[in-house]
Structures are given as structure tokens and as C-alpha cells.
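Student: Sequence first, predicted model second:
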Amino acid sequence: MDVRNTSIEELKSKLTGTVMSVGDPQYDDARGVWNAMIDRKPAVIARCRNTEDVCYAVRFAGEQGLPIAIRGGGHNVAGHAVCDDGVMIDLSEMRGVTVDPDQKRAIVQGGALWRDVDSESQKHGLATPGGLISDTGVAGLTLSGGIGWLRAKHGLSIDCLKAAEVVTADGSVVRTSAEENPDLLWALKGGGGNFGVVITFEFELFPIGPEVMFAAPIYPLSAGPEPIRFWRDFVSEHEGLIGSLCEFSTAAEGEDFPEEYWGQKVFTLACVYNGDAAEGEKLLQPLRELGPMAADFSGRMNYVEVQQLFDELMPAGDFRCYWKARYLSELPDEMIDRAMADAAAAPSANSLSSLWNFGGAVSHVPADETAFGDRSMGWMYSLDAVWSDSKEDAANIAWSRAGWEESAKWDHEGRIYLNFPGHGEDNLELTKRAFGPNYARLAQIKAQYDPNNVFRFNQNISPAA
């Protein structure tokens, strides 16, 4: 049977959502994702509107012997949301968020973006740890860990995940929580999209905002390493209160920077205080007194605004991207010098690189409590190559990989953050290293819920034999 004809018409008759294939008017727009480098053509795109649609689409893929890619927000840099010659299950019309302020819980559909969660939860003065860019999908960020501004006090996104509903490879709906199918919930906490289509997430919420303190003093790279060394020691001293990163970038032309800094390499000591805004303003003040600044975007501001501050740096579909990251056991002076040299050498003015702090609530979770694994890393180094011209692909990818490889001497047990996987070319080796001792248990759970590895467009975990 031709998958593009009779069987597709049958799927169309069952779904309340939209089914597309090559040649349909909406097909090319629907297969596009956030990274402009990704150009894949699924055999079928099923844009689902409800749980029944997802079940039908999964069963259809099974009947046709086709693998499945799952689009939540479509933000993964490796383009895991879309595949060649398989079924793309598109959840972009399933973005509902329901908040129970009394129970401090949010029920979030699988296609929601973090801005959807922030908007609804902040109506009640509540939030849960999300990402740093608000149009990131909740599903992709959460399932590989979820590193955001609130990690110092409330941990990773997975640490606040209390339950989920999943459509598994046979098209059935499974609920998982601490009481129901707990192994599956354990696997979802860091194991990526390996186990099915998550149609709802249930998150714990915390009183946050509406006003928080955001510090963002920006220093020229020419200021040298001393401000970064001070920042390193400062955030280490207050690790349970500050979610932070030192971000290297290029000062843009325009009103945000004095003309004398246009085009210069700079670094931002960006911090969100995980507590009272007035207390945070006082505590973070020393970071704003480390020498002449190129700019200073610090201040008390609305939490939702903070969550959207980085959105304009990377509009969806505008740039070609290649990101790599690794966890670091420590952040010595030599590693800071390495990061500054990498920033100076970036071939694109749009590229970013960052040093992220950990500790605090992130480190309090035992390694075997979530699939994510060990939490004893102190830092993370990421190199986010971002550029426009396809002729510059090789130079920008080489820059990101070189910095990533050269930082290996300080890495933490060879582990990486799976949301920054390059284009997935290192998947097998790095996935095993990322999970460490937890990999074997994940393979067993994979065999239970997806024995034929239908869900393999991810950092793939092969089912145990």
C-alpha cells in the first residue's frame, strides 16, 4: 500500500487535526523548525488537536512500519522534531495550560511553549523552572533536564515534574506518577523523547514574582578575566540563591550600547535572584561594580519579562545553528581564559558562548533518583554557533566543536547536556556517557514501552535485548 495515498486518506478521516504530505499547501511550513539548517521531509505530518489524534497517528506509524518524530516546540538545535520518511507528530495545536493555585500544580499540554506556562502561572504569582527563551517547547526542554533561571532554589524542570500522560508505541495512553508506573516517570526525568509522546505534563509550582531581581552588567572582553573570576566565586558563595551564567556575545549596533562598543566582544554576568527582589538587588550589586561597563540591563522586573529577555537573540527560523555543551567539574582560571579566547575567535557576531553555574537545589537530588543522573557538576560550558550564510557552515561548526573539545580537560565524567547536542552526530557515545550507570535501567524501560525503537529521533536509547 502506498503510504502517500490510500492509508493517508484513511488517517485524514480519523483525525480532527490536519494531515499533510509532500505537495500539500501547508506541508513545507509545517516541516520547518527553529534551526534554519534543518531540511527534512517526513512522509506524513499529523498535526494533532487532542489525545485521540495522537493515538491514531502513533498507530498509523506502527501499521506502516514508519518511525516517529515528535514536534513540541520545534526548538531542538539538532532538529529532532522532524524526520525524513517517517511520521512527524506535530503537537503545536495542543498548547493548553491549566493552573490549580490551591494545589500549586500546572497541567501542561505537550505542544505548549514556556511562555504559555509562565503566562498562566504568573496570574497566580506562581512559576516552575523553565528555560531562558520563552518560545522553547516545554516537552523538549523538560525531557532532557531543563536548565533555567530558577534552578538555584527549585532545581531543574524535571525536579518539578510530578506526573505525565504518555501515548506509547502501541498507541495506548499511560499515566505515570510516583504511584502509577513510576519507572516511566523516572525515565521521563532526563531520558528524552525515547518513551512515547507526552501529551500532558503535571508540574509543581512555587510562589515567585511577579517582580524578581535580574542583574545583567555587561563588560567589554578587554576588561580581562578578573570580573569573571569574581563572578565565579560570588555565585559559588550564594549557589542556593542565584541562577546565573556568564554569556559572551558581540555588542550590537543600536541604542542598547554606546557607539564606542558597537561590534566589540562583551560578556554579561546575568543572574536571577531566586527570592525577594529587594534582597536580590542588594545582594547582586557587587557584580555591577567590577569596572567600566559597556551597558547594564540590571533591575527589578516582571518575571514574565525576564523569561522573554533572550528571545530576540534567536528568532525562530532566522539562523543556522550548531550548539555543543559539556558539564565541568570545576571552573579554574585557565578554563575562564579558554572561554574568553573562544569568544574572541567566534566567526559570527551572532554566536554566543556561556559558563553556567550549578549547585544549589540542582545538586541536592541523588544520581539514581532521576534518569538525568549525577548532579555533582559545578558548571557547564556551552558554545552556541549562530550564523546566516550557508557558506559559513564549516567555519562556525568548527569553532563550536573546537571550543567544546578543548574544554574536555575540565569536564565532569565526560557528561553532556543533551539539549545542546550539536547535530546529533555524537549521539551513541555521548548518550551513554551522559546517563552513566542509569543507561542500563533506561534501556530496560525503553524495551517495555518502545521495544521496536519507534521513537528514535532523539538522543536514542536502544531497547534492551
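Tutor: It's in.
Student: give me phi/psi at residue 160?
Tutor: phi -110, psi 0 (degrees, to the nearest 10).
Student: List the buried residues for the worst-scoring helix or strand of the chain on mean pLDDT?
Tutor: Least confident helix or strand, the chain: helix 427-435 with a mean of 83, by mean pLDDT, DSSP states H and E. For helix 427-435, a neighbour-count test (16 or more other C-beta atoms under 10 Å) marks 427, 430, 431, 432, 433, 434, 435 as buried. For every residue, glycine as well, the C-beta is placed using N, CA and C.
Student: farthest-separated two in the residues you listed?
Tutor: 427 and 435 (12.2 Å; C-beta to C-beta).
Student: Same list, the buried residues of helix 427-435, but as a markdown table with distance to residue 43 please.
Tutor: Formatted as a markdown table, these follow (distance: C-beta to C-beta, whole Å):
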| residue | distance to residue 43 |
| --- | --- |
| 427 | 22 |
| 430 | 29 |
| 431 | 26 |
| 432 | 30 |
| 433 | 33 |
| 434 | 30 |
| 435 | 31 |
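Student: Residue 234: which of those is nearest?
Tutor: For the buried residues of helix 427-435, the nearest to residue 234 is residue 434 (29.2 Å; C-beta to C-beta).
Student: Any idea how far the least confident helix or strand of the chain is from the middle of the chain?
Tutor: Relative to the centre of its chain, helix 427-435 is centred 17 Å away, using C-alpha atoms, centre = their mean, to the nearest Å.
Student: in which helix or strand would I find residue 229?
Tutor: For residue 229, the enclosing helix or strand under DSSP states H and E is helix 226-237.
Student: Show me the contact partners of that helix.
Tutor: Contact with helix 226-237 is made by 219, 242, 244, 246, 267, 269, 271, 286-287, 290-291, 331, 333, 336, 339-340, 355, 357, 359, 378, as judged by C-beta atoms under 8 Å, 6 or more residues apart in numbering.
Student: Tell me how far it lies from the chain's centre.
Tutor: 25 Å.
Student: before we move on, what about stretch 321-333?
Tutor: 15 Å.
Student: C-alpha coordinates for it, CSV please?
Tutor: The C-alpha trace of stretch 321-333 is given here as CSV (Å, rounded to 0.1, in the frame of the first residue of the first chain):
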residue,chain,number,x,y,z
CYS,A,321,22.7,26.9,14.5
TYR,A,322,25.1,24.4,16.0
TRP,A,323,25.4,24.1,19.8
LYS,A,324,27.6,22.0,22.0
ALA,A,325,27.9,21.9,25.7
ARG,A,326,29.7,19.9,28.4
TYR,A,327,29.5,19.8,32.2
LEU,A,328,32.6,20.9,34.1
SER,A,329,33.8,19.7,37.5
GLU,A,330,35.4,23.0,38.3
LEU,A,331,36.0,26.4,36.7
PRO,A,332,39.7,27.2,37.2
ASP,A,333,41.3,30.4,35.9
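Student: pLDDT (mean, whole number) over that stretch?
Tutor: Averaged across stretch 321-333, the pLDDT comes to 96.
Student: any idea where the strands of the stretch 351-465 of the chain begin and end?
Tutor: For the stretch 351-465 of the chain, applying DSSP state E, counting those that start in this stretch gives strands covering 352-357, 379-387.
Student: which SS state does residue 213 fall under?
Tutor: strand (DSSP: H, G, I helix; E, B strand; the rest coil).
Student: For it, grab the count of nearby residues.
Tutor: By the measure other C-beta atoms under 10 Å, the count of residues near residue 213 is 25.
Student: From residue 239, how far off is it?
Tutor: According to C-beta to C-beta, to the nearest Å, residue 213 and residue 239 sit 16 Å apart.
Student: which SS state does residue 268 fall under?
Tutor: Reduced to three states by three-state DSSP, residue 268 is strand.
Student: wait, it sits on residue 246?
Tutor: Yes - the criterion here is C-beta atoms under 8 Å, and residue 268 meets it with residue 246 at 7.2 Å.
Student: which one of the two has more residues nearby?
Tutor: The neighbour comparison of residue 268 against residue 246 (other C-beta under 10 Å) goes to residue 246, with 26 against 22.
Student: Make sure that one is indeed in a strand.
Tutor: Yes - looking at residue 246 with three-state DSSP, it is inside a strand.
Student: Now do the residue nearest to it when sequence neighbours are not counted: how many residues are near it, please.
Tutor: What sits nearest to residue 246 in space, not counting adjacent residues and going by C-beta to C-beta, 6 or more residues apart in numbering, is residue 355, at 4.5 Å. A count of neighbours around residue 355, defined by other C-beta under 10 Å, yields 24.
Student: Please apply the same query to residue 395.
Tutor: Going by other C-beta under 10 Å, the residues that sit close to residue 395 add up to 14.
Student: Need the per-residue pLDDT for it.
Tutor: 98.
Student: Might you report the residue contacts of it?
Tutor: residue 347.
Student: distance of it from residue 87?
Tutor: From residue 395 to residue 87 the distance is 35 Å (C-beta to C-beta).
Student: next one: residue 173
Tutor: Per C-beta to C-beta, residue 173 is found 18 Å from residue 87.
Student: who's more crowded, these two?
Tutor: Just comparing residue 173 and residue 87: by other C-beta under 10 Å the higher neighbour count belongs to residue 87, 26 against 16.
Student: Now the more buried one. Nearest residue, chain neighbours left out?
Tutor: Nearest residue to residue 87 in three dimensions, chain neighbours excluded: residue 61, at 4.1 Å (C-beta to C-beta, 6+ apart).
Student: So which bits of stretch 218-228 are buried?
Tutor: Here stretch 218-228 shows 218, 219, 220, 221, 223, 225, 227, 228 as buried, counting by 16+ other C-beta under 10 Å.
Student: Ignore what I typed, I meant stretch 149-163.
Tutor: Neighbour-count burial for stretch 149-163, counted by 16+ other C-beta under 10 Å, picks out 149-161, 163.
Student: No further queries at this time; thank you.
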